[in-house]
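**Student:** My questions concern the predicted model and sequence given below.
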Amino acid sequence: MTGEIPNGGPFAYFNYQSFMSNDALCGPLRLQVPPCPSHHHHRSRQKAVLHASLMSLAVVSTIVALIISFFLIKCRRKNKVPCYQMDSFPAVMPQRIRYHDLQRATNGFGEANLLGVGSFSSVYNGTFTDGTVVAVKVFNLQIEGAFKSFDTECEILRSLRHRNLTKVISSCSNIDFRVLVLEYMPNGSLENWLYSHDRLLNLLQRLSIMIDVASAIEYLHHGYATPVVHCDLKPSNVLLDDAMVAHVCDFGIAKLVNAEDNAILTRTLATFGYIAPEYGSEGLVSTKCDVYSFGIVLMETFTRKRPTDDLFTAGLSLRGWIYDTYPHSLSHVIDATLLNPNEESLDKNVECVSLIMKLALDCSSELPGERINMKDALATLQKIKKEFFSHL
């Protein structure tokens, strides 16, 4: 016989002698047979596995809960931290701005609101609930140098006051967010106007815009206690308000120098094509670097040719192109939309642009010492405007 001997019923009256010589049986110890394999061990193992599984599930759930809590707290903290106005900025906004306000104003920093992207930041069009329209400059803190760019721009703009510089309304700074709230410029940048297919700037408008730019740079160099070098002057950093008045923006890599003729060393490079030779090759920054960039922007504004245009290869540059045609063949390089078919107007326009290009060449000399300063550049442009457009 084989199997387990029951312990109850009639088997309760059997003794061990009843099952002698049946080695395949198992059952109670009183019957002197081997014990049957117990299911208890199997159940214990199942309990252990179940217990371990539950513990693992509990640990994973706890970790997930902590991660979710972290992001919720982070998000809530972002929404609660206000964008405090800097003391020196004018109190344009009636109340403190929170991250949530900026997010709602820009439609979640949506692509449809994106105005432009720079080296360290993105700028969005924002509209607050009271109808106030602003430009929201959000710094990308994942990029090396973004923190410094934000600090530099705040430090410089909080102290500057000029009609041709962008105005800062407010700023926000916390552990994971940096933003400047700026005055909105509805007419976009000079770059957009120069290369637009459906918008056109006439000669007077271009001259007036460049006078505004010269006025802003002259103020930075000569109208402030410590000269400020913008370091990145280019058409995309010239914004136009609703009256087409120009405002110089983006002071993220600007430098303070001790005196007008002093130079400092830097490893931060500006935009190729607009950067002065000594700045690009040696990292030397002075006010004369801005003068050089201004000269290049002057040339671009009246020729509608970028310094990086495909035309300029094999050693030819925008400046070299202008220099080779000055003064007798300038009509070949001037933006064709400025050349009126009326002969009298044509000659007048070419003469006007010729004087402007002479100034541009003086600003963009290879050697810093040969460049004029922004006081003289501004005065020259104002004189040209008075001579050719005093009747308007």
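**Tutor:** Sure thing, it's come through. Numbers count the residues shown, from 1 in each chain.
**Student:** could you pull out the helices for this structure?
**Tutor:** For the chain, applying DSSP state H gives helices covering 40-80, 99-105, 146-157, 190-194, 203-222, 277-282, 287-303, 318-325, 343-363, 374-389.
**Student:** Least reliable of those helices by average pLDDT, please.
**Tutor:** Least confident of these, judged by mean pLDDT, is helix 40-80 with a mean of 68.
**Student:** what about S329, neighbour count?
**Tutor:** 9 (other C-beta atoms under 10 Å). In this view, the C-beta of every residue, glycine as well, is placed from N, C-alpha and C.
**Student:** related to what we said a few turns ago, would you mind giving the helices of the chain as TSV with distance to S122 and mean neighbour count added?
**Tutor:** Converted to TSV, the helices of the chain look like this (distance: least, C-beta to C-beta, whole Å; neighbours: other C-beta atoms under 10 Å):
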stretch	distance to S122	mean neighbour count
helix 40-80	17	10
helix 99-105	12	19
helix 146-157	11	19
helix 190-194	16	20
helix 203-222	23	22
helix 277-282	26	16
helix 287-303	23	26
helix 318-325	29	17
helix 343-363	31	18
helix 374-389	30	17
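**Student:** Can you add distance to I334 and give those back as CSV?
**Tutor:** As requested, the helices of the chain are exported to CSV (distance: least, C-beta to C-beta, whole Å):
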stretch, distance to I334
helix 40-80, 51
helix 99-105, 42
helix 146-157, 35
helix 190-194, 13
helix 203-222, 10
helix 277-282, 25
helix 287-303, 6
helix 318-325, 9
helix 343-363, 5
helix 374-389, 14
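**Student:** so which of these comes closest to H332?
**Tutor:** helix 318-325 (5.9 Å; C-beta to C-beta).
**Student:** Quick one: residues in contact with the closest one.
**Tutor:** For helix 318-325, the external contacting residues (C-beta atoms under 8 Å, 6 or more residues apart in numbering) are 273, 295-296, 299-300, 303, 305-307, 309, 311-312, 330, 332-333, 357, 360-361, 364.
**Student:** Which parts of the protein belong to which domain?
**Tutor:** 83-183, 190-389 (automatic domain parsing).
**Student:** F388 against C352, yeah?
**Tutor:** Yes: if you go by C-beta atoms under 8 Å, F388 and C352 touch, sitting 4.7 Å apart.
**Student:** Give me the common contacts of those two.
**Tutor:** Shared contacts of F388 and C352, counting by C-beta under 8 Å, 6+ apart, come down to nothing at all.
**Student:** could you redo the domains of the chain as TSV and give each row distance to T62?
**Tutor:** Shown next, in TSV, are the domains of the chain (distance: least, C-beta to C-beta, whole Å):
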stretch	distance to T62
domain 83-183	25
domain 190-389	43
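**Student:** picking up where we left off before, figure out which of the helices of the chain is closest to F251.
**Tutor:** helix 146-157 (4.7 Å).
**Student:** Need the contact partners of the closest one.
**Tutor:** 86, 89, 119-121, 139-141, 165-166, 168, 171, 173, 178, 180, 228, 250-254, 256.
**Student:** do the same with stretch 198-217
**Tutor:** For stretch 198-217, using C-beta under 8 Å, 6+ apart, the contacting residues are 162-165, 190, 192-194, 230, 233, 238, 240, 244-248, 290-291, 294, 297-298, 301-302, 337-338, 349, 352-353, 356, 374, 377-378, 381-382, 384-385, 389, 392.
**Student:** ditto for stretch 300-309
**Tutor:** Contacts for stretch 300-309 (C-beta under 8 Å, 6+ apart): 190, 194-195, 206, 209-210, 235, 272-274, 296, 299, 311, 317-318, 321-322, 333-335, 337-338, 353, 356-357.
**Student:** who does the residue positioned nearest the centre of the chain bridge with?
**Tutor:** Centroid check for the chain by C-alpha atoms, centre = their mean gives S121 as the closest residue, at 0.8 Å. Taking DSSP bridges as the rule, S121 bridges to F139.
**Student:** for it, what are its contacts?
**Tutor:** 137-140, 146, 149-150, 252.
**Student:** what about it, distance to I384?
**Tutor:** Per C-beta to C-beta, to the nearest Å, S121 is found 35 Å from I384.
**Student:** Same check on D242?
**Tutor:** Note on D242: its distance to I384, by C-beta to C-beta, is 26 Å.
**Student:** now S364
**Tutor:** 17 Å.
**Student:** Ok, L200 next?
**Tutor:** From L200 over to I384 (counting by C-beta to C-beta), the distance is 21 Å.
**Student:** cool, and I264?
**Tutor:** Taking C-beta to C-beta, one finds I264 at 33 Å from I384.
**Student:** Kindly report the same for H328.
**Tutor:** Taken as C-beta to C-beta, the span from H328 to I384 is 19 Å.
**Student:** Kindly report the same for L50.
**Tutor:** Taken as C-beta to C-beta, the span from L50 to I384 is 90 Å.
**Student:** What count of nearby residues applies to V133?
**Tutor:** 12.
**Student:** That one contacts Y124, correct?
**Tutor:** No: here V133 lies out of contact with Y124, judged by C-beta under 8 Å, at a distance of 11.3 Å.
**Student:** confidence score at N22?
**Tutor:** So N22 comes in at 69 (pLDDT).
**Student:** so L114 makes contact with V136?
**Tutor:** No: L114 is not in contact with V136 according to C-beta under 8 Å; the separation is 10.2 Å.
**Student:** Identify the contacts common to those two.
**Tutor:** 123-125.
**Student:** mind listing which of these are in strands?
**Tutor:** 123-125 (DSSP state E).
**Student:** Redo these as a markdown table? Include neighbour count, distance to R104 and pLDDT.
**Tutor:** Output for those, formatted as a markdown table (neighbours: other C-beta atoms under 10 Å; distance: C-beta to C-beta, whole Å; pLDDT from 0 to 100):
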| residue | neighbour count | distance to R104 | pLDDT |
| --- | --- | --- | --- |
| V123 | 22 | 17 | 95 |
| Y124 | 23 | 12 | 96 |
| N125 | 18 | 13 | 96 |
